[in-house]
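Participant: A predicted structure for the sequence below; I have some questions about it.
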Amino acid sequence: MARYEAVIGLEVHVQLATASKLFCSCSTAFGCPPNTNVCEVCLGMPGALPTVNRDAVRYAALVGLATNCAVNLRSIFARKNYFYPDLPAGYQISQYELPICERGFLPVKAEGKEKNIGITRIHLENDAGKNIHAQNENASYVDLNRAGTPLVEIVSEPDMRSPAEAAAYLKTLYGIVTYLGVCDGNMEEGSFRCDVNVSLRTVGSVALGTRAELKNLNSFRNVQRAVEYEIARQQDVLDDGGAVRQETRLYDAVKNVTQAMRNKEEAHDYRYFPDPDLLPIEIAEENLAAWKAGLPELPKDRLARFRSMTGLPETDIEVLVQRADLADFFEKAAAVSGARKVAHYMIGPLLRECHARGIPFEPSCWAMKPEALAELVQLVDKGIISAKIANDVFGDLFSSGCMPEAYIAEKGIGQISDAAALEEAVDAAIAANPAEASAFRGGKTKLLSFFVGQVMRATKGKANPSLVNELLNKKLC
């Protein structure tokens, strides 16, 4: 029986997909030359006055509405004071006492169970810049292109009890912000990242243990692995009679370990106070009502609809709704061909090709279009090609982007559905295997598959399987 219970909370940083920064008109474009998307405001020049990005406010409110939060019609910006080279003003503009959203929850499913994870608050803040430590040089550089980029920080309650729950919460939140279109979801570029607070307490205790914060985790797998390691580390410390230190730790994904970085700061260490240069955010009730009415279909609702359309298990449909563009791809193909059959091809051959080529399961990474997948399903349904041929040519169609009907015609690999032509192949297979034919007639009906295989081999896999079965049953009986 377990002696300790894990208590886990997440602080998720979501970069908002606005064209400009939170408090100035500088571009948020990724990958530009260092220090080119900057101005007096994001450089922290004395006297420079910030102006709030309206789209960022709306995006933050949408996240709150989609996560069952109360959206405050009035919220206040604060200065979070600390010194770091990538923070030129010496403070981060954030929200503290009165954030834009609070008191929400997110239903998540993990380890076969569904539970609500509480959300304490969602607040707006601007991002810091980036420190660059040059290899082979005794020097560090600062790129301030990211400085001022709009973020929402989503702070959960410490309601998670396992690494699987933490990963499930993060995936659910990722689906929501990408479906809303408020974040591009690019984790490699830092658009969606999180800090994880982990502590242990004895089973049955209600008091919280001393927590360690794991910083800047940017993949679902790394969150789960880092939490698993940290739980084991803290358990070893406690079992040895030691005390867990309250500290910030970094996760090394290569070594799969967490390492101490610094002592964990408390809120009072940042000396929060209202920003004197920014007026409170005021949201009109009619605007909030319009935003709520305009919310798109979110992953949970889309999953339920797709499950009804296909009759497939929820675990299969979860693959299709993990991204909005993936679900859109499925819907476009399913509108032309059967939803269940399209789903099977996406979960089967399409996902297989992505794994084999080491590319993401994302439509933007494929040459194949939904119209091509729908046409392939139709060709099989009409008997123009067999399911085997469809599977064999899927890789070429996936990589080339060709339409299946034109590809099949060019290669001359259409299915043989001419009864007269197949009858010759069936007669030849029976004549070449008299012993098996006699055994079949004697009651060994499983030999039918042997004869089907012989005909398929003779026709190089082009024979219509159902017609072959029909002819064999007729001639062998």
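Facilitator: Nice, I can see it. Residues are numbered from 1 along each chain as shown.
Participant: moving C-terminal of the host helix or strand of Cys354, what's the next helix or strand?
Facilitator: Per DSSP states H and E, Cys354 falls inside helix 351-357. Downstream of helix 351-357, the next assigned helix or strand under DSSP H and E is helix 370-381.
Participant: Can I get that next one in CSV, CA atoms only?
Facilitator: The C-alpha trace of helix 370-381 is given here as CSV (Å, rounded to 0.1, in the frame of the first residue of the first chain):
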residue,chain,number,x,y,z
PRO,A,370,-9.0,15.2,-47.4
GLU,A,371,-10.5,15.0,-50.9
ALA,A,372,-7.9,12.4,-51.8
LEU,A,373,-8.6,10.3,-48.8
ALA,A,374,-12.4,10.5,-49.5
GLU,A,375,-11.8,9.4,-53.1
LEU,A,376,-9.6,6.5,-52.0
VAL,A,377,-12.4,5.2,-49.8
GLN,A,378,-14.9,5.6,-52.7
LEU,A,379,-12.7,3.6,-55.0
VAL,A,380,-12.6,0.7,-52.6
ASP,A,381,-16.4,0.9,-52.0
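Participant: Tell me which stretches of the stretch 1-150 of the chain form helices.
Facilitator: With helices called from DSSP state H, counting those that start in this stretch, the stretch 1-150 of the chain shows them at 54-66.
Participant: what's the answer for the stretch 301-450 of the chain, then?
Facilitator: With DSSP H, counting those that start in this stretch, the ranges of helices along the stretch 301-450 of the chain come out as 314-321, 324-334, 339-345, 351-357, 370-381, 387-400, 404-411, 419-432, 434-441, 448-458.
Participant: got the ones you listed as a markdown table, with mean pLDDT columns?
Facilitator: Shown next, in a markdown table, are these (pLDDT from 0 to 100):
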| stretch | mean pLDDT |
| --- | --- |
| helix 314-321 | 92 |
| helix 324-334 | 95 |
| helix 339-345 | 95 |
| helix 351-357 | 95 |
| helix 370-381 | 95 |
| helix 387-400 | 92 |
| helix 404-411 | 90 |
| helix 419-432 | 83 |
| helix 434-441 | 84 |
| helix 448-458 | 85 |
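Participant: So which of those is nearest Arg74?
Facilitator: If you check each of those against Arg74 by C-beta to C-beta, helix 324-334 wins as the nearest, at 31.6 Å. Where C-beta positions appear, they are placed from N, C-alpha and C, glycine not excepted.
Participant: Show me what that closest one is packed up against.
Facilitator: The contact analysis (3 or more C-beta pairs under 8 Å, 6 or more residues apart in numbering; DSSP states H and E) places helix 324-334 against helix 299-310, helix 314-321, helix 339-345, helix 370-381.
Participant: For it, buried residues please.
Facilitator: 324, 326-327, 329-334 (16 or more other C-beta atoms under 10 Å).
Participant: Now render those as a markdown table, adding distance to Ala134.
Facilitator: Formatted as a markdown table, those follow (distance: C-beta to C-beta, whole Å):
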| residue | distance to Ala134 |
| --- | --- |
| Ala324 | 39 |
| Leu326 | 39 |
| Ala327 | 43 |
| Phe329 | 42 |
| Phe330 | 45 |
| Glu331 | 48 |
| Lys332 | 47 |
| Ala333 | 48 |
| Ala334 | 51 |
